[in-house]
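Trainee: pasting a predicted model and its sequence here:
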Amino acid sequence: MKIQHKIIVIPLAVMLLVSTITIVMVEKYLESHLIQRNKDELTTLATASLESVRTVELVDNQGEEHVLQSFQKLAENFAHAGDFRITYIDAKGKVLGDSELSYYQLDKIENHANRDEIKQALETGKGIAERFSSTLNADMLYVAVRSNEAHYINESSHIAHPIVTRIARSQSSIQTAINEIREALFLTGILSLSAVLVLGLFGARTMNSAVKKEQQLLEKRVENRTSEISMLQTFSGLLNACSTLSEAGEVMSNVIPKLLPEFKGSVSITKSSRNRLDHTAHWGENWPGAERFAPGECWALRKGHQHFSTEHGIQTPCHHWLEEPKEEQTLCIPLLAQGETIGVLHFIFPLDSELDHYQELWRTIAEQIGLTLANIQLRDSLREQAIRDPLTGLFNRRYMLEAMEQAQSRAERTDTEIATMMIDLDHFKLFNDNFGHDAGDYVLKAVSQVLKDSLRQEDIACRYGGEEFCIVCPSTNEEQALHIAKRIGKGIRTLELNMNQLSLGTVTTSIGIAVYPNHAETMEEVIKAADEALYLAKQNGRDRAEVSHLKVTKSVKDKPALETESAEV
């Protein structure tokens, strides 16, 4: 049974039970009360009628017939006062007068000496009996009261003393009153049950409406929570798949506004130097925060946990806000991973926002972002260690080979050329022999910096081994490669090499150039061609660049002869 039905049925059942018990108890009480009241009333009437008997006794000496007529008249007059029957009886049971009979019917009435109420009245002064009256054809209540004349002695009297006054009343009047009360109680019970039914129906409808609203609200909350969990799972999956900070920033800008629609936000990442944070990504309107700021400018980083700009009426905004948001609250949350602070998650939201609803959500977002950024930084660090030369900071040979394969595929799609340069420092062994390995390392670093400054962003410079370097220049022909080689040679030649206030002199370089696909069909062959051109540059006097003159002829399988042309660098 539904709760709405129980709300109606249970009160009705209780009310019905209570009403039934109440009606029965009231009926029993009223019945006994009315009967007792009737007995008391009849006793009072009987006692009062005995006072009138004294007037009849005054005419006792006038003859029996006259006495009986007096009693009959007295009975008839007294009975006019109510709905009862009054009978006067002497001590021998003879009826002296009866309000329901005529004077001439008195002789036909049987002697009443054997009636229970008469016996009790003569013995104790009062008698009560209930029985069916054949004369009146009804259940009657009889109350008999004896006069105080037990020692009355008058041999000439026509009546035997003491006289008993009996008053009878039909029980139907009592039953009628009880029935009327029963009907009133029943009607009251029906009205009460109807009222309970109406109130129950109204209450059930009201509760049903409230339950439906609450159910809809709960379903909406469950739906929203399910949607949030689903979006968080998607958000987590996308962040875990990000390989760069820019990709992570793009995911955050797309997903977080859907999770926190009232919030504007941004992410700042701690630099490896730990003395600065850089703004990486934001969502919402124009961000009012600084692009770069020191860790000490953020209260969240100082406290080690989240910080609101206004708490308990106290305003303490962070110093990295260029413009403090008006009528809005700011929140900074440190991004932590493995005990280290990775960055800060910033939010701006209205002052009347329901923070309890969003608090757990932004904590989950902050934890996920912190772990993701830490993983990306770790991957970047491991990747840098795997592809970079630790001394010079240039790419290593492994990365160069992978990059050359990608560059070859791109060149085949775009029908462009790739220039490859092999660079070797002239007489570098003398630096190590004369000044030591520290000086040699210093020279390698200086030369590497010249290479970085002389190349484009898309060019790849790597340390090939020892004092040898390799440069890959996509979308570069022979003429452009030769120009780059001259710029590199000039830059290295003009280096001022001083270490520990000791001049190390100057250093020159020899460069070999080969271009794909003009000089070779594969990048591996291009490297060999550039290496052969490098040795040719050394043979021709060093401090110069040589371009390979290998020609690729697809119809001829034999390797073409080596032809070169030189240029001083």
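Mentor: Thanks, I have it.

Trainee: what residue ranges in the stretch 101-250 of the chain score low on pLDDT?
Mentor: Counting by pLDDT under 70, the ranges of the stretch 101-250 of the chain that qualify are 149-158.

Trainee: just the endpoints, please. Distance across stretch 77-95?
Mentor: 17 Å (C-alpha to C-alpha, to the nearest Å).

Trainee: please tell me how far Val95 sits from Phe293.
Mentor: For Val95, the distance to Phe293 equals 127 Å [C-beta to C-beta, to the nearest Å]. Bear in mind the C-beta positions are built from the backbone N, C-alpha and C, glycine included.

Trainee: Asn111 too?
Mentor: Taking C-beta to C-beta, one finds Asn111 at 129 Å from Phe293.

Trainee: between these two, who's got more neighbours?
Mentor: For Asn111 versus Phe293, neighbours defined as other C-beta atoms under 10 Å are more numerous around Phe293 (21 against 12).

Trainee: the more buried one - nearest residue in space that isn't next to it in sequence?
Mentor: Leaving aside its chain neighbours, Phe293 sits nearest to His320 (3.8 Å; criterion: C-beta to C-beta, 6 or more residues apart in numbering).

Trainee: and the one you found, how many neighbours?
Mentor: 24.

Trainee: would you confirm that Ser266 belongs to a helix?
Mentor: No. Counting by DSSP: H, G, I helix; E, B strand; the rest coil, one finds Ser266 to be strand, located in no helix.

Trainee: go ahead and confirm it touches Leu335.
Mentor: No. Look at Ser266 against Leu335 with C-beta atoms under 8 Å: they stay out of range, at 11.9 Å.

Trainee: helices of the chain, start to end?
Mentor: Applying DSSP state H to the chain gives helices spanning 3-57, 64-79, 116-124, 171-241, 245-259, 299-303, 355-387, 397-414, 428-435, 437-454, 478-493, 523-539.

Trainee: before we move on, the earlier item: shared neighbours, Ser266 and Leu335?
Mentor: Leu345 (C-beta atoms under 8 Å, 6 or more residues apart in numbering).

Trainee: which of the two has more neighbours?
Mentor: Leu335 (25 against 21).

Trainee: could you check the pLDDT of the more buried one?
Mentor: Here the pLDDT value assigned to Leu335 is 89.

Trainee: isn't it right up against Val267?
Mentor: Yes. Taking contacts as C-beta under 8 Å, Leu335 lies within contact range of Val267: 7.5 Å.

Trainee: which residues do these two both contact?
Mentor: Gly343, Val344, Leu345, Ile369, Leu373.

Trainee: quick one: which of those residues is nearest Glu324?
Mentor: Glu324 lies nearest to Val344 out of these, by C-beta to C-beta, at 16.7 Å.

Trainee: how about that closest one, nearest residue that isn't a chain neighbour?
Mentor: Ser268 (4.8 Å).

Trainee: domain assignment for this protein?
Mentor: 3-176, 242-378, 397-568 (automatic domain parsing).

Trainee: show residues contacting stretch 316-324.
Mentor: Contacts for stretch 316-324 (C-beta under 8 Å, 6+ apart): 268, 288-290, 293, 297-300, 307, 309-310, 330, 332.

Trainee: can we see that at 10 Å?
Mentor: The contact list for stretch 316-324, computed with C-beta atoms under 10 Å, 6 or more residues apart in numbering, reads 268, 277, 279, 286-302, 307-310, 315, 325, 329-330, 332, 344, 346, 348.

Trainee: what do you get for stretch 369-377?
Mentor: 235-236, 238-249, 251-252, 256, 267, 269-270, 272, 280-281, 333-338, 340-343, 345.

Trainee: these, buried ones only, as a ChimeraX selection?
Mentor: Applying 16 or more other C-beta atoms under 10 Å to the contacts of stretch 369-377 leaves a buried subset, and the ChimeraX line that selects it is:
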select :235,236,238,239,242,245,248,249,251,252,256,267,269,270,280,281,333,334,335,336,337,341,342,343,345
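
Trainee: what is the mean pLDDT for stretch 514-534?
Mentor: 90.

Trainee: just the terminal-to-terminal distance for it.
Mentor: End-to-end for stretch 514-534, by C-alpha to C-alpha: 10 Å.
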